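**Student:** Attaching a predicted model along with its sequence, questions to come.
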Amino acid sequence: MAEHITTLTKKDFTSDQMVRWCPGCGDYAILNAVQNAMPELGRKKEDFVFISGIGCAARFPYYMNTYGFHTIHGRAPALATGAKLSNPNLSVWIVTGDGDSLAIGGNHFIHALRRNLDVNILLFNNQIYGLTKGQYSPTSKQGQVTKSTPMGALERPFSAGEVALGARATFFARTIDTNPKLMSQLFIDSVQHKGTSLIEILQNCVIYNDNAFDAVTNRATQEDNQLHLEHGKPMIFGKDKNKGIRLSRLRLEVVTIGENGITEDDILVHDAHEPDTAIHNMLIRMELPDFPVALGIIRAVETVSYDQLVREQYESSKKNARYGTMDELLASGHTWEI
């Protein structure tokens, strides 16, 4: 008899726990987008596990009606690695913040990307430490005044995307908490990628860093300040869809179609599958006010995943093993009794 597959809904992935984030926090929108995406993946609830570290974002597993771990600061990738290698059929999701992943967890973060384990990482980037009351984080802007930098932060911020590409990540996407449709679609797309998929979510902290991304998310200016990338499509943006990105002398530049002889043929076509990281790095580095912020899948390059290599190595060693069981090993060679 064929197995009956029940169609799941968002409600099936919603736990009975009270959501304890500040009113207006962008985390609510991210949670909603994830819960909307899960039924579209065609998997049972038991197939999913959400693993987090420490921070506001780390409460995520409590609110998902799936398996989950709330681990320790920065160590979620280690737990996720164990879960995925122990049960390769699991859909493993790491939920982390910019402090959790890029500060104390930086080492685990870069090596998870380097190994290309088949997991999905959601990086909530609000450019601040929210849970511990507003200290500056690795992504806080230089000069930013916070509880721990009253005279302004002196350090240059990390770029999550550039760190990822430096660690040879095979999938990097960026989205914003005010676009639930784009978020849900990226979550679905990331599952199709066999390897580590990293999605950076620009997320507003209403208490300690409100409006950090207002220039990007403001409805009055968002069409001119956002570049929505699609593989194989020209990089066109703007309220009138007449602005584009052109590659000139190994640099990107914003041009206007119809001015100075510029046509759509001059606009750079996005290739997310290009193995070389040069253009992808340029897209990640684009910042206001000179450039729009790139959103969508910036890089998606297929290669073998770490867990697949581990399985192949295990099967090879098992096939070529001299001994089939521990008893055979212990009984081999010279033995004696005491």
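**Tutor:** The structure has been received and is ready for your questions. Numbers count the residues shown, from 1 in each chain.

**Student:** just how off-centre is whichever strand or helix holds residue 185 within its chain?
**Tutor:** Per DSSP states H and E, residue 185 falls inside helix 180-192. In terms of Cα atoms, centre = their mean, to the nearest Å, the centre of helix 180-192 is found 10 Å from the chain centre.

**Student:** can you list contacts of that helix?
**Tutor:** The contact list for helix 180-192, computed with Cβ atoms under 8 Å, 6 or more residues apart in numbering, reads 29-30, 32-34, 36-37, 40-41, 91, 120, 122, 171, 173, 175-177, 197, 199, 201, 228, 295-297, 300. No exception for glycine: its C-beta is placed from N, CA and C like everyone else's.

**Student:** Drop anything exposed from these.
**Tutor:** For the contacts of helix 180-192, a burial check counting by 16 or more other Cβ atoms under 10 Å picks out 29-30, 32-34, 36-37, 91, 120, 122, 171, 173, 175-177, 197, 199, 201, 228, 295-297, 300.

**Student:** Those in helices, which ones?
**Tutor:** 29-30, 32-34, 36-37 (DSSP state H).

**Student:** next SSE after the helix or strand encompassing residue 318?
**Tutor:** Assessed by DSSP H and E, residue 318 sits inside helix 306-319. With elements assigned by DSSP H and E, the helix or strand that comes after helix 306-319 is helix 326-330.

**Student:** Tell me which other helices or strands that following helix touches.
**Tutor:** For helix 326-330, there is no helix or strand it packs on, judged by 3 or more Cβ pairs under 8 Å, 6 or more residues apart in numbering; DSSP states H and E.

**Student:** ok so, going back, would you list the ones in helices among the buried ones among the contacts of helix 180-192 in CSV and tack on distance to residue 212 and pLDDT?
**Tutor:** Below are these laid out as CSV (distance: Cβ to Cβ, whole Å; pLDDT from 0 to 100):
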residue, distance to residue 212, pLDDT
29, 15, 98
30, 15, 98
32, 20, 98
33, 19, 98
34, 22, 98
36, 25, 97
37, 25, 98
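
**Student:** chain center to the helix or strand bottoming out on mean pLDDT in the chain, what's the gap?
**Tutor:** Here the helix or strand of the chain ranked lowest by mean pLDDT, DSSP states H and E is helix 326-330, holding a mean of 84. Offset of helix 326-330 from its chain centre (Cα atoms, centre = their mean): 45 Å.

**Student:** can I get the CA coordinates of that helix in CSV?
**Tutor:** Extracted in CSV, the C-alpha atoms of helix 326-330 (Å, rounded to 0.1, in the frame of the first residue of the first chain):
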residue,chain,number,x,y,z
MET,A,326,34.9,-5.9,15.9
ASP,A,327,34.8,-9.6,16.9
GLU,A,328,36.8,-10.5,13.8
LEU,A,329,39.3,-7.8,14.6
LEU,A,330,39.8,-8.9,18.2
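
**Student:** Can you mark which positions in it are buried?
**Tutor:** Buried-residue list, helix 326-330, by 16+ other Cβ under 10 Å: empty.
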